[in-house]
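Chemist: How does the following fold in three dimensions:
(one chain, ligands or ions: 5)
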Amino acid sequence: MIPGDFKVKKPTKKQLILLAVSGIVGLFGTAAAITVGVFAFTAWWGLPLDIYGFNEGPEQPIAFPHTKHVQELGLDCTFCHRTVAKEASASIPSVEFCVSCHKIIGDNSEEIAKLRSYSSNEKPIDWQRVHRLPDHVHFVHEAHIRFFSGTKNVVSKIDRDKVSSQITLEDARKIYPNTKVGEIIDVKESQVCMTCHGDVGSMAKVKQIRPLKMADCVNCHRDNSAPTDCITCHY
Ligand code: HEC
Ligand code: HEC
Ligand code: HEC
Ligand code: HEC
Ligand code: HEC
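Modeler: Ligands and ions are numbered 1, 2, ... in the order given. Sure thing, here's the model as predicted:
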């Protein structure tokens with residue numbers, strides 16, 4: 001072939017525009033696919049990435065501030081979540097329980113006005129669940145609160161014969177971040193919550209901070225010589 005004999009056809013304007021548009025669409029498409037992929041993967045793995053606010057707790061009918069009640073007023077978790085140390089579920093207090101204080105506290109607050117109207121209409125508050133295990137899973141708060149509260153020796157590995165007086169460094173650090181192996185710590189019932197729910201007292205809006213997926217539950221059970229057979233957690 002003689003050089004120069006071969007000519008590329010000049011693209012028309014229409015073709016150029018089409019090319020540019022499909023390039024841009026392709027770019028956005030890829031970016032969107034990656035974002036969705038990452039989100040799906042991390043959500044499946046446990047918790048959606050803490051970006052774009054996906055990991056925020058749900059909007060509640062009344063903006064209930066744990067910060068005010070726990071940090072400022074110093075109320076114990078068990079003061080409101082009354083059944084947590086005795087039963088499977090922790091329970092959320094009734095409207096009447098809230099109103100026992102808010103009959104007189106919070107006259108200038110819109111949120112308290114909402115609370116009072118639930119009370120005068122005798123309507124329960126439809127709190128949105130933050131944590132929810134599938135129906136085939138069985139979870140019992142009581143066993144966990146009983147097991148992890150009390151005086152505990154911080155160890156790197158639990159000794160089968162001394163489970164009730166020991167706590168792993170990993171769990172202990174969720175409660176006392178600077179604790180070390182060999183220390184003796186005292187864990188109140190309301191402090192046990194931190195091992196799974198984090199520092200709720202400092203959350204303006206409760207969100208889930210631990211995967212609480214099967215592997216997470218089973219790993220902790222294994223580390224603490226707790227039962228790992230299927231029927232422990234499945235009906
Ligand atoms: C004054 C009462 C009160 C106190 C004290 C309190 N809570 Fe709550 N808690 C609530 C109410 C009401 C809700 C439901 C609204 C919400 O999710 O914010 C709730 C929700 C929660 C949830 C989310 C439940 C779900 O749907 O999965 C967790 C976890 C929780 N509380 C843990 C704690 C812990 C841990 C403490 C102590 C550090 C505590 N609470 C202290 C009233 C209280
Ligand atoms: C032991 C008494 C007590 C109980 C029980 C109690 N609260 Fe409160 N709550 C307070 C106090 C005190 C404040 C702080 C008021 C302030 O800062 O002016 C407060 C603040 C609030 C606020 C913020 C008001 C604002 O706009 O700043 C909301 C919302 C609220 N409470 C809702 C509830 C709900 C819902 C319950 C029941 C689950 C509840 N409280 C139970 C004492 C209580
Ligand atoms: C071993 C992990 C673990 C610990 C410790 C724990 N929770 Fe939970 N919590 C969960 C799981 C898992 C769920 C979801 C249960 C379900 O969907 O059946 C939950 C749900 C809840 C709920 C909403 C549903 C209900 O049971 O009423 C509240 C409120 C709650 N926890 C409060 C607490 C408080 C308060 C403490 C500490 C006294 C605590 N939790 C300690 C794992 C834990
Ligand atoms: C922080 C560690 C830890 C995590 C996380 C944990 N568990 Fe446990 N769980 C324990 C220990 C320790 C016991 C044993 C308590 C005892 O010996 O009484 C236990 C006991 C239980 C029991 C037996 C209650 C009974 O009938 O005696 C059930 C059911 C259970 N866990 C379910 C779960 C599920 C479901 C999850 C995950 C959503 C979970 N646990 C997460 C430590 C944990
Ligand atoms: C310590 C508690 C615990 C034990 C023990 C446990 N599971 Fe699970 N399992 C869970 C929890 C929590 C879930 C739901 C969250 C999830 O999908 O990981 C689950 C989910 C499942 C699912 C549904 C998975 C899905 O994708 O929906 C199957 C199947 C299952 N478990 C089988 C088993 C078998 C078989 C055993 C015994 C070898 C077992 N589990 C032991 C806690 C447990």
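Chemist: only C-alpha atoms for contact and neighbour calcs from this point on.
Modeler: Will do.
Chemist: Backbone dihedrals for residue 184, please?
Modeler: Backbone torsions for residue 184, taken as degrees, to the nearest 10, come to phi -110, psi 130.
Chemist: and what of residue 77?
Modeler: Taking degrees, to the nearest 10 as the convention, residue 77 sits at phi -60, psi -40.
Chemist: contacting residues for it?
Modeler: Shown in contact with residue 77 (CA atoms under 8 Å, 6 or more residues apart in numbering): 70, 190.
Chemist: centroid residue for this structure?
Modeler: residue 208 (0.7 Å; CA atoms, centre = their mean).
Chemist: so how far is residue 123 from that residue?
Modeler: Distance of residue 208 to residue 123, computed by CA to CA, to the nearest Å: 27 Å.
Chemist: now residue 192
Modeler: For residue 192 relative to residue 123 (CA to CA), the value is 32 Å.
Chemist: next one: residue 100
Modeler: With CA to CA as the criterion, residue 100 and residue 123 are 16 Å apart.
Chemist: Ok, residue 92 next?
Modeler: 15 Å.
Chemist: Could you do residue 76 as well?
Modeler: Residue 76 is 26 Å from residue 123, by CA to CA.
Chemist: can I assume residue 183 is in contact with residue 154?
Modeler: Yes: with contact defined as CA atoms under 8 Å, residue 183 counts as touching residue 154 (5.5 Å).
Chemist: C-terminal to the helix or strand that residue 118 is a member of, what's the next element?
Modeler: Per DSSP states H and E, residue 118 falls inside helix 110-120. Toward the C-terminus, helix 110-120 is succeeded by helix 141-148 as the next helix or strand (DSSP H and E).
Chemist: now the strands for this protein?
Modeler: 150-155, 166-168, 184-187 (DSSP state E).
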